[in-house]
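Colleague: coords please:
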Amino acid sequence: MKSTRLIWLVVGLVALVAIFIGSLGIGAKSLPLQVVIDSLLGRDTGPDGTIILQSRLPRALIGLFGGAALGISGALMQTLTRNPLADPGIVGVNAGAGLAVTLGFAFAGISQPHVLFAYSFAGALTTALLVHLISIKGVAKPDPVRFILAGLAVGAMMSGVSSGIALLQPAVFNRMRFWMAGSLDVGDLTLVLAAIPIICVGCIIAFVLARPLNALEMGDDMAASLGTNPLKTQTATLLTVALLSGTVTAVAGPIGFVGLMIPYIARWVVGPDLRWMLPFSFLYAPILLLCSDIAGRLIVAGELRVSIVTAFIGAPVLILLARGNSTARTALQ
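Modeller: Model prediction:
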């Protein structure tokens, strides 16, 4: 079993490298591999080099690191709630980050990357805590179904408020209309480079949380007997999910379903152990996101937003998961 898991990770790493390089060359104007290499090494300063360095490199990097963040945050959320339907987008975390960014654009005039990240993180964290409190209020133990329903309700409310603010203020609407669609075409390498260290820190924390979260899956009492503090672990997990998903949402806008599909497939392929699920999600979520971005470039001449492509892929998967794990597993096989 361990050798099979390692094979999956090696295959994922090779595929990710190939797709990352391919995303730099594929687009409205396809460029050969040598041009891509020369541009990255600074040997091509012509129009092709400008396309790669100023347009395709930022979107490839946010696809790589943003995809990893979405996959890992989804795996953390599913493990914490013990529900394969949980994902930062479905439980409203992305909507909370979006509302905070909308408020920042409307009333604070934010423009600096670190301020944008701070607003997005605060919104994501507030939403995660709010949904958690609503789902546990009046019950003896957490109910995954209540958690999902609370997340959908809170997320819908926050999305409505964001849309209302944007529609009432034309200047905010102009800034938000592209961001809210969810796209990797950020066109700002500085913003992406500012996000990468934050995502890396969040991923490192997630790997540290793998062992205590594994213990939590056996129940709070068992986890406590094994030396894990359930409350601290849950709080740290929510903070990490908010950090990862909030940062990605700040840069690329809300992108759904990536954090739903990949962790579920990871659980099926490598098992429920987070020490294997997280590396699998770290590699395969960027593959899905980058492939969706490439598909969006090729399907429509004006480029289809990556969030639309992931929704087309993710909606059927969500339906299968809602029908039951056995049905979804049969379909995936």
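Colleague: Need the pLDDT of residue 111.
Modeller: Listed pLDDT for residue 111 reads 73.
Colleague: Can you read off the backbone torsions of it?
Modeller: phi -150, psi -30 (degrees, to the nearest 10).
Colleague: The most centrally placed residue in the chain and residue 203, how far apart?
Modeller: Central residue of the chain (C-alpha atoms, centre = their mean): residue 70, 2.0 Å from the mean position. Distance of residue 70 to residue 203, computed by C-beta to C-beta, to the nearest Å: 11 Å. Where you see a C-beta, it was placed from the backbone N, CA and C, and this is true even at glycine.
Colleague: how about the helices of the stretch 201-333 of the chain, start to end?
Modeller: Secondary structure of the stretch 201-333 of the chain, counting by DSSP state H, counting those that start in this stretch: helices at 210-216, 220-225, 230-252, 258-270, 274-299, 306-323, 325-332.
Colleague: Of all those, which one comes closest to residue 78?
Modeller: Nearest to residue 78, of all the helices of the stretch 201-333 of the chain, is helix 258-270, at 5.1 Å by C-beta to C-beta.
Colleague: That closest one to helix 274-299, inter-axis angle?
Modeller: Following axes from the mean of the first three to the mean of the last three C-alpha atoms, to 10 degrees, one obtains 130 degrees for the angle between helix 258-270 and helix 274-299.
Colleague: can you give me the angle helix 258-270 makes with helix 230-252?
Modeller: Helix 258-270 runs at 120 degrees relative to helix 230-252, counting by the same axes, to 10 degrees.
Colleague: Which other helices and strands does helix 258-270 contact?
Modeller: Under the contact criterion of 3 or more C-beta pairs under 8 Å, 6 or more residues apart in numbering; DSSP states H and E, helix 258-270 touches helix 2-25, helix 57-81, helix 274-299, helix 306-323, helix 325-332.
Colleague: Go through these and name the closest to residue 98.
Modeller: Residue 98 sits nearest to helix 306-323 of all those, at 11.8 Å, using C-beta to C-beta.
Colleague: Can I get the helices of the stretch 201-333 of the chain in a markdown table including mean neighbour count, distance to residue 66 and mean pLDDT?
Modeller: Output for the helices of the stretch 201-333 of the chain, formatted as a markdown table (neighbours: other C-beta atoms under 10 Å; distance: least, C-beta to C-beta, whole Å; pLDDT from 0 to 100):
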| stretch | mean neighbour count | distance to residue 66 | mean pLDDT |
| --- | --- | --- | --- |
| helix 210-216 | 20 | 21 | 89 |
| helix 220-225 | 14 | 31 | 76 |
| helix 230-252 | 24 | 4 | 86 |
| helix 258-270 | 25 | 9 | 89 |
| helix 274-299 | 23 | 7 | 92 |
| helix 306-323 | 18 | 10 | 77 |
| helix 325-332 | 13 | 24 | 45 |
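Colleague: could you redo those as CSV and give each row distance to residue 25?
Modeller: Output for the helices of the stretch 201-333 of the chain, formatted as CSV (distance: least, C-beta to C-beta, whole Å):
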stretch, distance to residue 25
helix 210-216, 35
helix 220-225, 48
helix 230-252, 21
helix 258-270, 23
helix 274-299, 10
helix 306-323, 18
helix 325-332, 30
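Colleague: Can you say which of these is nearest to residue 192?
Modeller: Closest approach to residue 192 among those (C-beta to C-beta): helix 230-252, 6.5 Å.
Colleague: Kindly point out which residues are neighbours of both of residue 70 and residue 203.
Modeller: Applying C-beta atoms under 8 Å, 6 or more residues apart in numbering, one finds that residue 70 and residue 203 are jointly contacted by residue 244.
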